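In: need coordinates for the following:
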Amino acid sequence: MDSITVIPGDGIGPEVVECALEVLDALDAGLSIDVLDHVHADRYRREGQALSEADLSRISASSAVLLGAVGRPDVEETGYVRDVLLRLRISFDLYANYRPVRLMHDRLSPLRDPARRMLDCAIVRENTEGLYSGIGGNLRASSPQEVAIDADVNTWHGVSRILDFAFSTARREVCLVDKANAVRAGGRLWQECWRHAAERHPGTATRHLYIDAAAMKLVTEPDRFDVIVASNSYGDILSDLAAALAGGIGVAPSASLNPQTGFGLFEPVHGSAPDIAGKGVANPFACLLTTALLIRHLGHEAEAAAIDAAVAGSIAAGRVTPDLGGSLSTRQVTQAVLASL
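Out: Below you'll find the model as predicted:
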């Protein structure tokens, strides 16, 4: 029996996770659920730590983690979010961030031309290196002479393995996005690894775009993309742009994976949204689609497809929360999905 560790977290996290657990219960997929409802900002403020070694041991015993959201305005500067997210990424070497993006209904797209709206792709983002590695510092801080340096860290090992993962997920093409013409050192490494990866996967078409051109073409030609692979920062930017083209972060799932061990952290993209927490209007779709991504990863394809279809059906019928133009509450939308199931 597969075991899932669930961390509801902060803000709307507990609200959308509750919906996901109801859906999992309705599917009766034979999953064991371990809820860590004590991992949140209040504990961090009280104890100075969000995840204990005991928590990590419980997580290690599971097959995957479903995370609602972490973050709260009153702990923004404390390192709390890094203490949770980066600790999980580093502890389990979750180097591959996978963001599938699919437009479920035309009315969700901000693009005017119906012929250009079709979007069904994935953003594969290197998740442990790049500008988010935390290497750098400040000299003469808070003075007119302050110097700030953030190092963009790229390794042959890290770049090669994320490229191989991208090829493993592609249906027809992998598009590398970088800025090798301006960021010369890291760009040269990515380009060299890219050539070797393409040779290892001769059956898949390849394409290369600079980050500025890729952002433009995601808007003008979204249907051209299958899999986009990029560094940590570029992948972060492109995945949010792609999500906006498919209806917004309220319908955006994500996974951080270690393809070698099979372990994964699954998290809706929307974050904790403290401005609407407790109001009963949070959109549960991103968490439900993330849950589908999780159980598909564990081999439950039929159940995952059922969730996807139920969410798509609710969107098509207009049974949605205010962020998607509807008037239903979080609870009412969940009931609509459950009725579809």
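
In: can you map out the strands along the stretch 1-150 of the chain?
Out: 3-9, 32-35, 64-69, 96-102, 120-126, 136-139, 147-150 (DSSP state E, counting those that start in this stretch).

In: that should have said the stretch 201-341 of the chain, apologies.
Out: Using DSSP E, counting those that start in this stretch, strands in the stretch 201-341 of the chain cover 205-210, 227-230, 255-257, 264-266.

In: out of these, deepest packed?
Out: For the strands of the stretch 201-341 of the chain, the largest average neighbour count (mean count of other CB atoms under 10 Å) is found in strand 227-230, namely a mean of 27. Quick note: C-beta positions are derived from backbone N, CA and C, even for glycine.

In: CSV for the strands of the stretch 1-150 of the chain, including distance to R172?
Out: CSV is the format used below for these (distance: least, CB to CB, whole Å):
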stretch, distance to R172
strand 3-9, 32
strand 32-35, 37
strand 64-69, 28
strand 96-102, 15
strand 120-126, 10
strand 136-139, 38
strand 147-150, 36
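
In: which parts of the protein are helices?
Out: 13-27, 41-47, 53-60, 80-91, 156-169, 184-200, 211-220, 232-245, 285-297, 301-316, 330-340 (DSSP state H).

In: for G262, which of those helices is the nearest?
Out: When the helices of the chain are compared by CB to CB, helix 285-297 sits nearest G262, at 7.9 Å.

In: the bottom helix or strand of this structure by mean pLDDT?
Out: helix 80-91 (a mean of 89; mean pLDDT, DSSP states H and E).

In: let's have the helices of the chain in TSV, adding distance to R72 and mean neighbour count.
Out: As requested, the helices of the chain are arranged in TSV below (distance: least, CB to CB, whole Å; neighbours: other CB atoms under 10 Å):
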stretch	distance to R72	mean neighbour count
helix 13-27	10	22
helix 41-47	4	15
helix 53-60	19	13
helix 80-91	8	18
helix 156-169	31	20
helix 184-200	34	16
helix 211-220	31	16
helix 232-245	21	20
helix 285-297	18	26
helix 301-316	27	18
helix 330-340	19	18
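
In: which of the ones you listed sits closest to G137?
Out: Nearest to G137, of these and by CB to CB, is helix 80-91 at 15.5 Å.
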